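Engineer: Quick one: sequence and predicted model below, then my questions.
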Amino acid sequence: MDTGVIAPSTEVVPRLTLQGVGKAFGGRDAIRDISLTVREHEFVALLGSSGAGKTTLLRCVAGLLDADHGAVYVAGANVSELRGRERRRVAVVFQQFNLVGRLSALANVLAGRLGHVPAWRGITHHFERNDRLLALECLDRVGLLGQAAQRADTLSGGQQQRVAIARALAQQPDIIVADEPVASLDPVNGAGILDLLRGICREEGVSVLCSLHQVHLARQFADRLVGLVNGRVAMDVSAANFSEAQSRMLYDIVSN
């Protein structure tokens, strides 16, 4: 019997949606007509050679660049319209860590709380107890609780990247955008960082979009692999279905 009542939708809004996104510099397209989605708990790796458009795409997702065409949505909200505290929905992990070396690991992680507290608390470093406890929990999550009081510039490269990830977690974001997060690390530390990001996806529900050059690491840790060629999506497959032949094809296309 039709009661005329519309049942609520059970469709889950993707954590990230790109619709026809394009960006050009000096009249030359860096990325063109890129459309894809990233779901909750999903780790998506971007592959492609230098100049393929990975960093430009990530910067558009993070709101660090405005797309010339199309739209980027995080949890249904247009990134270009996010202001103030709403920008905390997207956390960024950089290749070079971007920590304040003279500050402690804990102080660097507390920077991730700036979108949640009044500006004066950030300026004076006067955070409430709950913020400090959350920052300590984030350091514990990345295995560095014992280094909370240690200056960031005395930590190893792998430890510094873990602090950067803890800072991202302290934002309580919907998605973490990571631009070549293991490029400056040795293979063991690099694998450890990607394993940590994968664990965060599984356990915390935070989605991850991560650019990588190392195909074997992408296959090992990501759920999906998206290959860019000349600023366009050339491949979007599950990690389980990504073959050596596809890898050769992707990079052969790039080299031609």
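Structural biologist: Here it is on my side, so go on.

Engineer: The residue positioned nearest the centre of the chain sits in which helix or strand?
Structural biologist: Closest residue to the average C-alpha location of the chain: residue 177 at 1.5 Å, with C-alpha atoms, centre = their mean. Here residue 177 sits within strand 175-179, counting by DSSP states H and E.

Engineer: What ranges does the chain have for its helices?
Structural biologist: 54-62, 105-110, 119-124, 129-141, 157-170, 187-204, 215-221, 244-255 (DSSP state H).

Engineer: In JSON lines: those, plus mean neighbour count, distance to residue 150 and mean pLDDT.
Structural biologist: C-beta: built from backbone N, CA, C; applies to glycine. Output for those, formatted as JSON lines (neighbours: other C-beta atoms under 10 Å; distance: least, C-beta to C-beta, whole Å; pLDDT from 0 to 100):
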{"stretch": "helix 54-62", "mean neighbour count": "23", "distance to residue 150": "28", "mean pLDDT": "95"}
{"stretch": "helix 105-110", "mean neighbour count": "25", "distance to residue 150": "6", "mean pLDDT": "94"}
{"stretch": "helix 119-124", "mean neighbour count": "11", "distance to residue 150": "21", "mean pLDDT": "52"}
{"stretch": "helix 129-141", "mean neighbour count": "17", "distance to residue 150": "10", "mean pLDDT": "93"}
{"stretch": "helix 157-170", "mean neighbour count": "24", "distance to residue 150": "9", "mean pLDDT": "95"}
{"stretch": "helix 187-204", "mean neighbour count": "17", "distance to residue 150": "17", "mean pLDDT": "94"}
{"stretch": "helix 215-221", "mean neighbour count": "19", "distance to residue 150": "27", "mean pLDDT": "93"}
{"stretch": "helix 244-255", "mean neighbour count": "14", "distance to residue 150": "40", "mean pLDDT": "67"}
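
Engineer: hang on, the earlier thing: so the residue nearest to the centre of the chain sits right up against residue 197, yeah?
Structural biologist: No: if you go by C-beta atoms under 8 Å, residue 177 and residue 197 don't touch, sitting 11.1 Å apart.

Engineer: still on that earlier bit, out of the helices of the chain, nearest to residue 25?
Structural biologist: Nearest to residue 25, of all the helices of the chain, is helix 54-62, at 8.1 Å by C-beta to C-beta.

Engineer: What is the distance between the closest one and the centre of its chain?
Structural biologist: Relative to the centre of its chain, helix 54-62 is centred 10 Å away, using C-alpha atoms, centre = their mean, to the nearest Å.

Engineer: Mind giving me the packing neighbours of that helix?
Structural biologist: On a contact count with 3 or more C-beta pairs under 8 Å, 6 or more residues apart in numbering; DSSP states H and E, helix 54-62 meets strand 16-25, strand 28-38, strand 43-47, strand 69-74, strand 90-93, strand 175-179, strand 207-211.

Engineer: Of all the ones you listed, which one is nearest residue 160?
Structural biologist: strand 90-93 (11.0 Å).
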